[in-house]
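Peer 1: Predicted structure and sequence below. I'll ask about it afterward.
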Amino acid sequence: MSDHRAAVRHHTLRTGMVEFDNGTGSIVSVPCTIRDVSGTGARLALNSSAWVAEEFSLIFSSGLRKACRVAWRKERLIGSAFVEGYASVDEQAAMMTADEQARHRLGIGARVKAARETRGYTQGQLAERLSVTPAFVALAENGEADIPLYQLMHIADLLMVGLDGLVAGPVPEDVDAA
């Protein structure tokens, strides 16, 4: 992960716990700082150098538990993906404030728009390939509608960009979403 990409992410800096089976049937709990969250995962900073299993539960201060798997590791930082795919609206509300959710949607929309324009698609062409209305694409690009994970994956394939780049990459300079 580049330093620039880390700098443009919105940091939540909330405390949480990572719980996992250490392979012997014992449950290990490790405190962490939840640096940022999205509808598909979270970026965590471990508060110790403890090893974390590939699959674990992330426990938010609200009591919400999400089953996660490790997407990437870099020293004490862990990128996690939710096992069920996309968090529900109620779960996201427990993980992020409404303002954080709005900024996240705006950032995703701006990255989708930039990728769409780079590939030369119109909103109508993208909408047709996704089997949605052009109005939905416009709302999503303006951060006014959530894009389900399966559609984000399809968008990433169509526009030949990484899913991670759409969800958490740098926000185009003309958008104040970070």
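Peer 2: Right, received. Where do you want to start?
Peer 1: can you pull the buried residues of stretch 68-77?
Peer 2: 68, 70, 77 (16 or more other C-beta atoms under 10 Å). Where C-beta positions appear, they are placed from N, C-alpha and C, glycine not excepted.
Peer 1: CA atoms only: put that stretch into PDB for me.
Peer 2: C-alpha atoms of stretch 68-77 as PDB (Å, rounded to 0.1, in the frame of the first residue of the first chain):
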ATOM      1  CA  CYS A  68     -13.300 -11.400   8.800                       C
ATOM      2  CA  ARG A  69     -10.500 -12.800   6.800                       C
ATOM      3  CA  VAL A  70      -7.000 -11.300   6.300                       C
ATOM      4  CA  ALA A  71      -6.800  -9.500   2.900                       C
ATOM      5  CA  TRP A  72      -3.200  -8.200   3.400                       C
ATOM      6  CA  ARG A  73      -0.700  -7.700   6.100                       C
ATOM      7  CA  LYS A  74       2.100  -5.200   6.600                       C
ATOM      8  CA  GLU A  75       3.900  -5.400  10.000                       C
ATOM      9  CA  ARG A  76       1.200  -4.500  12.500                       C
ATOM     10  CA  LEU A  77      -1.400  -3.300   9.900                       C
END
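Peer 1: now, among the buried residues of stretch 68-77, which is nearest to residue 31?
Peer 2: residue 77 (14.6 Å; C-beta to C-beta).
Peer 1: Got phi/psi on the closest one?
Peer 2: phi -90, psi 140 (degrees, to the nearest 10).
Peer 1: swap in the one 10 residues further on?
Peer 2: Dihedral angles phi and psi of residue 87 (degrees, to the nearest 10) take the values phi -70, psi 140.
Peer 1: Run a quick neighbour tally on it.
Peer 2: Neighbours of residue 87 under the rule other C-beta atoms under 10 Å: 22.
Peer 1: Check residue 132 too.
Peer 2: 16.
Peer 1: pLDDT score assigned to it?
Peer 2: At residue 132, the pLDDT value in this model is 95.
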